[in-house]
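**Student:** next one to model:
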Amino acid sequence: MGDYKVLSGRQIRPEFLTDESKILTADPSDVLFLAFPETIEHLEEIVSDAYGEEIPVRIQGARSGLTSGCVPRKGKDGRQEAVIATDNLLAVPHSHYYDTETKRVKTVLHDREITYGFNKETGEIILPAGATLNERRILLDGHGRLFPINPTHQDATIAGNIKTNATGLEGAFGSTRDWTIRLGQILGNGERYDAIRGHPMNNPSHVYLNLGGTILTVDMPTYEWRPVKNAS
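**Tutor:** All right, here's what the predicted structure looks like:
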């Protein structure tokens with residue numbers, strides 16, 4: 001495998017075997033390996049290899065859900081799952097800065113180095129999948145902006161926030177997908193896919209309505225938002 005962390009067996013810590021609900025807890029033997037990719041290329045490699053070998057893949061964000069969706073488990077045939085944790089997906093690649101006005105910014109928040117894109121003219125921000133909602137708030141605040149959707153769990157990840165289409169307690173500003181302009185992803189066979197707002201068959205809302213099936217299985221670390229200015 002590539003140059004990223006991979007764990008197996010008793011190397012896997014308990015927090016990667018359950019979620020916030022604690023309804024289900026997996027055993028390390030349920031997991032073939034736990035990978036921490038850092039780039040899109042890492043993701044492509046893991047997913048493509050798993051697809052070729054018919055290994056089931058499970059994605060983990062902040063493990064803050066309440067439905068055990070991120071908890072690994074063996075199939076009825078006894079096959080183990082490959083688990084991909086998005087904790088280290090903290091940099092948006094150069095190839096996903098969609099115009100010359102979007103500047104690449106690197107910063108350190110709570111000992112985590114995050115690389116993202118920001119367009120000061122439009123207020124659009126491109127964030128990596130592993131960034132948390134609290135980190136998004138801090139980054140936007142530094143640009144005099146805010147994101148109108150305010151979910152309660154600020155340690156949740158950007159990718160998970162889109163996947164659940166969070167609205168927060170208020171719900172006055174719609175849902176997270178309403179503010180998503182572009183969504184980079186990886187298909188179950190390892191190929192890249194770009195969902196763009198305004199294309200009926202290719203926009204983020206349409207794509208995620210189909211995630212319960214097999215259309216898309218892996219989040220790629222590129223998310224673009226349309227935040228509003230802070231009230232003065």
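
**Student:** so the residue nearest to Thr107 when sequence neighbours are not counted is in which element?
**Tutor:** Residue nearest to Thr107 in three dimensions, not counting chain neighbours: Ile114, with 5.8 Å by C-beta to C-beta, 6 or more residues apart in numbering. Bear in mind the C-beta positions are built from the backbone N, C-alpha and C, glycine included. Assigned by DSSP states H and E, Ile114 belongs to strand 112-119.

**Student:** packing partners for the following helix or strand past that strand?
**Tutor:** Downstream of strand 112-119, the first helix or strand assigned by DSSP H and E is strand 124-127. Judged by 3 or more C-beta pairs under 8 Å, 6 or more residues apart in numbering; DSSP states H and E, the packing partners of strand 124-127 are strand 112-119, helix 133-142, strand 216-225.

**Student:** tell me the buried residues in the lengthiest helix in the chain?
**Tutor:** Secondary structure of the chain per DSSP state H: the longest helix is helix 40-52. For helix 40-52, burial by neighbour count (16 or more other C-beta atoms under 10 Å) applies to Ile40, His42, Leu43, Glu44, Glu45, Ile46, Val47, Ser48, Ala50, Tyr51.

**Student:** just checking, the third one touches Asp49?
**Tutor:** No. Between Leu43 and Asp49 there is no contact, the gap being 10.9 Å when judged by C-beta atoms under 8 Å.

**Student:** sorry, back to before: figure out how far the longest helix of the chain is from the centre of its chain.
**Tutor:** 16 Å (C-alpha atoms, centre = their mean, to the nearest Å).

**Student:** do stretch 126-133 as well
**Tutor:** That offset, for stretch 126-133, works out to 7 Å (C-alpha atoms, centre = their mean).

**Student:** end to end on that stretch, go ahead and measure it.
**Tutor:** 13 Å (C-alpha to C-alpha, to the nearest Å).

**Student:** could you do stretch 73-90 as well?
**Tutor:** 27 Å.

**Student:** off-centre distance for that stretch?
**Tutor:** Counting by C-alpha atoms, centre = their mean, stretch 73-90 comes out at 15 Å from the chain centroid.

**Student:** about what we covered before: mean confidence for the longest helix of the chain?
**Tutor:** Helix 40-52 shows a mean pLDDT of 89.

**Student:** list the helices and strands it packs on?
**Tutor:** strand 57-60, strand 81-85, strand 180-187, strand 216-225.

**Student:** quick one: that helix to strand 81-85, angle?
**Tutor:** 170 degrees (axes from the mean of the first three to the mean of the last three C-alpha atoms, to 10 degrees).

**Student:** before we move on, the earlier item: wait, the residue nearest to Thr107 sits on Val92?
**Tutor:** No. Using C-beta under 8 Å, Ile114 makes no contact with Val92, being 9.1 Å away.

**Student:** what about the two, which has more around it?
**Tutor:** Val92 (27 against 22; other C-beta atoms under 10 Å).

**Student:** remind me which residues of this structure are low pLDDT?
**Tutor:** By pLDDT under 70, the low-scoring segments of the chain are 1-2, 94-100, 198-232.

**Student:** circling back to that earlier point, what residues are shared contacts of Ile114 and Val92?
**Tutor:** Residues touching both Ile114 and Val92 (C-beta atoms under 8 Å, 6 or more residues apart in numbering): Pro128.

**Student:** find the helix or strand that the residue nearest the centre of the chain is a member of.
**Tutor:** Nearest to the mean C-alpha position of the chain, by C-alpha atoms, centre = their mean, lies Ala159 at 2.7 Å. For Ala159, the enclosing helix or strand under DSSP H and E is helix 158-163.
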